[in-house]
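**Q** 3D model of this:
(2 chains)
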Amino acid sequence: MCNQSVGLIASTVEKAGIPTVGLSLLREVSKKVRPPRTLFVPFPFGYPLGEPNRPDLQHQIIATALELLKSPDPLPILVDFDPR
Amino acid sequence: MARIDDLTFSDRIFMKGYRFRSVDWLPGARLDKPLSQSKIALITTAALHLPGQPAFDKSIRGGDTSFRELPADTDVNRLKIAHRSSAFDQTGALQDRNLVFPLDRFRELAARGTVGDLNHRHFSLMGSITSPKRLISETAPAVASLLQQDKADAAFLVPV
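**A** Take a look at the predicted model:
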């Protein structure tokens, strides 16, 4: 239910005029909740930033998510993270 | 990759029949300055709390919709995890809280100048809320209002 909660909080903060970007572990849920900007990450529950003690991977995920904040594309945006 | 099929049988049945909620946020907000000049706040639903703060209440039906403020100078690996979800495997987060609350990574980004600044407080909730009425009507607006007061420019959210 965390993915619904994140979507609802993101939507509310966005509505208050502050742009948001959220990670998601469940695409099915984020598609229904439809928050403004979502980076879907292909990791198990409990591992949204990929792996513990992997700052390189964590930075890659954050950088990809922050790109969505800068994107001029129409909202909502739902993008898949692709670990290379 | 996490899938609904990874959940326990009872959680799966629940999720399949669940009516997911949404909040109308259209038309959306836009970042009106470069990231390098923007103040960012983090929001996690991993139920993290400081050792001195009350834990989240796992017994509340429908979920504990309270939140905890985590100050910017928080030592992340001292944070406790009070999450009730059986789907949330805490093994990784117990080794490195940045896995669910990447404050150290954002400190590095601020030091490098990739982001302008970090808000003086961040927010933690317990995400396993099945009855989100109060989350929608009270908790999320309260967090949004604090972020407005803080003049945060953007928020980065992490589920578990």
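
**Q** run through who's touching stretch B:128-147.
**A** The set of residues external to stretch B:128-147 that reach it, using Cβ atoms under 8 Å, 6 or more residues apart in numbering or on different chains, is A:1-2, A:4-5, A:8-9, A:11-13, A:15-16, A:18, B:14, B:18, B:21, B:23, B:41, B:43, B:61-67, B:69, B:83-85, B:88, B:119, B:121, B:123, B:125, B:155. In short, each C-beta sits where N, CA and C put it, glycine included.

**Q** in that stretch, what's buried?
**A** Neighbour counts over stretch B:128-147 (16 or more other Cβ atoms under 10 Å in any protein chain shown) mark B:128, B:129, B:132, B:135, B:136, B:139, B:140, B:141, B:143, B:144, B:146, B:147 as buried.

**Q** again, but for stretch B:13-33
**A** Within stretch B:13-33, the residues scored as buried using 16+ other Cβ under 10 Å are B:15, B:20, B:21, B:23, B:25, B:28, B:29, B:31.

**Q** least trustworthy helix or strand in chain B by mean pLDDT?
**A** helix B:9-17 (a mean of 86; mean pLDDT, DSSP states H and E).

**Q** so what touches that one?
**A** Helix B:9-17 has contacts (Cβ under 8 Å, 6+ apart) with A:29, B:4, B:5, B:7, B:86, B:87, B:130.

**Q** closest point of chain A to chain B, which residue?
**A** Closest approach of chain A to chain B (Cβ to the nearest Cβ) occurs at residue A:2, with a separation of 3.0 Å.

**Q** so what's that residue up against?
**A** By Cβ under 8 Å, 6+ apart, the contact set of residue A:2 is A:25, B:45, B:46, B:85, B:88, B:127, B:128, B:159, B:160.

**Q** now with 7 Å?
**A** Contacts for residue A:2 (Cβ atoms under 7 Å, 6 or more residues apart in numbering or on different chains) come out as B:45, B:127, B:128, B:159, B:160.

**Q** any idea how far the first one lies from chain A?
**A** Yep, that's residue B:45 we're talking about. Distance check for residue B:45 against chain A: by Cβ to the nearest Cβ, to the nearest Å, it reads 5 Å.

**Q** and the pLDDT at the residue lying closest to that residue once chain neighbours are set aside?
**A** Of all residues not flanking residue B:45 in the chain, residue B:127 sits nearest, at 2.9 Å (Cβ to Cβ, 6 or more residues apart in numbering or on different chains). pLDDT for residue B:127: 86.

**Q** tell me which of the contacts of stretch B:128-147 fall in helices.
**A** Among the contacts of stretch B:128-147, the members found in helices (DSSP state H) are A:2, A:4, A:5, A:8, A:9, A:11, A:12, A:13, A:15, B:14.

**Q** widest-spaced pair of these?
**A** Spatial extent of these (Cβ to Cβ) is set by the pair A:15 and B:14 at 27.8 Å.

**Q** what ranges does chain A have for its strands?
**A** With DSSP state E as the criterion, chain A has strands at A:20-24, A:37-40, A:77-80.

**Q** give me whichever of these is most buried.
**A** Across the strands of chain A, averaging neighbours per residue (mean count of other Cβ atoms under 10 Å in any protein chain shown) puts strand A:20-24 on top, at a mean of 29.
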